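[1] Coordinates for the following, if possible.
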Amino acid sequence: MRVLVIEDHSALRGSICQGLREAGYAVEAASDGEGGLALALAAPCDAIVLDLMLPKLDGFALLDALRTRGSQAGVVVLTARDGLADRVKGLDLGADDYLMKPFEFTELLARVRAVIRRRYRSAQSSIRVGDLEIDTVARTVRRGSRVISLSAREYGLLEYLAARRGQVVTRTEIWDHVYDFASDPSSNVVDVYISYLRRKVDQGETKRLIHTRRGLGYVLGEVV
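    Purely as a prediction, here's the structure:
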């Protein structure tokens, strides 16, 4: 899943980005509102961590511009403002959640997970596809009684496929949601990581869950 962090405080921005990457997310970052808006519109995000007090374009204006342009990203607002009027304004403009500064990163991570679940209309923290179970809080994967060990990138790809379970997911969509802009979209890395997942998820199983739709993309599901 892709998360965009828009925060002008460099140390805090770096800390949030590092924590999100360690949690397996593809992360982009901006230090001002104009840059954040440009990144948000350049490629779809699953979640945005948004500071309100930004240079060039403040958080309220950025949020309004995003929703006006149809962005469906879940937005967690970070703010030192504790006034009711500010919270109401942000929610009315399309924010999904608020977190007051200072905060614990574990709480921010939980709120990011929650807005992503809502984006994909999933009320549960665990995703099941057949006998495959993905715990998005513990970030663990099991198939039946078998524990599957995945790298952060493998997990991110599987979680995105699971969020879109039963749907054809194109390579472009995978790039947009799983990889950051530093990756090279002309490479075959998507196919390589799909093959890694197949070996770990489907190898030795009588029923395959990861399917290729030739010329279209991939599907995670029991029957396609």
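[2] Please compute how far the helix or strand containing residue 40 lies from its chain's middle.
    Per DSSP states H and E: residue 40 is located in helix 33-42. Put simply, helix 33-42 sits 16 Å off its chain's centre (Cα atoms, centre = their mean, to the nearest Å).
[3] on contacts alone, who are the packing partners of it?
    strand 2-6, strand 26-30, strand 47-51, helix 59-68 (3 or more Cβ pairs under 8 Å, 6 or more residues apart in numbering; DSSP states H and E). Where you see a C-beta, it was placed from the backbone N, CA and C, and this is true even at glycine.
[4] what is the orientation angle of the last one with strand 26-30?
    Right, the one you point to is helix 59-68. 130 degrees (axes from the mean of the first three to the mean of the last three Cα atoms, to 10 degrees).
[5] Which strands and helices lie in contact with the helix or strand following helix 59-68?
    Sequence-wise, the next helix or strand downstream of helix 59-68 (DSSP H and E) is strand 74-79. Strand 74-79 is packed against strand 47-51, helix 59-68, helix 84-93, strand 97-100, helix 105-119, with contacts defined by 3+ Cβ pairs under 8 Å, 6+ apart.
[6] Mind doing that once more with 7 Å?
    Counting contacts by 3 or more Cβ pairs under 7 Å, 6 or more residues apart in numbering; DSSP states H and E, strand 74-79 packs against strand 47-51, strand 97-100, helix 105-119.
[7] Show me what it pairs with in its sheet, parallel or antiparallel.
    Applying DSSP bridges, strand 74-79 is found paired with strand 47-51 (parallel), strand 97-100 (parallel).
[8] re the thing from before, which one of the helices and strands packed on strand 74-79 is the most hemmed in?
    strand 47-51 (a mean of 27; mean count of other Cβ atoms under 10 Å).
[9] Check the secondary structure at residue 223 for me.
    Under the three-state scheme (DSSP: H, G, I helix; E, B strand; the rest coil), residue 223 adopts coil.
[10] circling back: please name whichever of the helices and strands packed on helix 33-42 is nearest to residue 106.
    Across the helices and strands packed on helix 33-42, the minimum distance to residue 106, taken as Cβ to Cβ, is reached by strand 47-51, at 14.1 Å.
[11] surely residue 30 meets residue 6?
    Yes: the criterion here is Cβ atoms under 7 Å, and residue 30 meets it with residue 6 at 4.9 Å.
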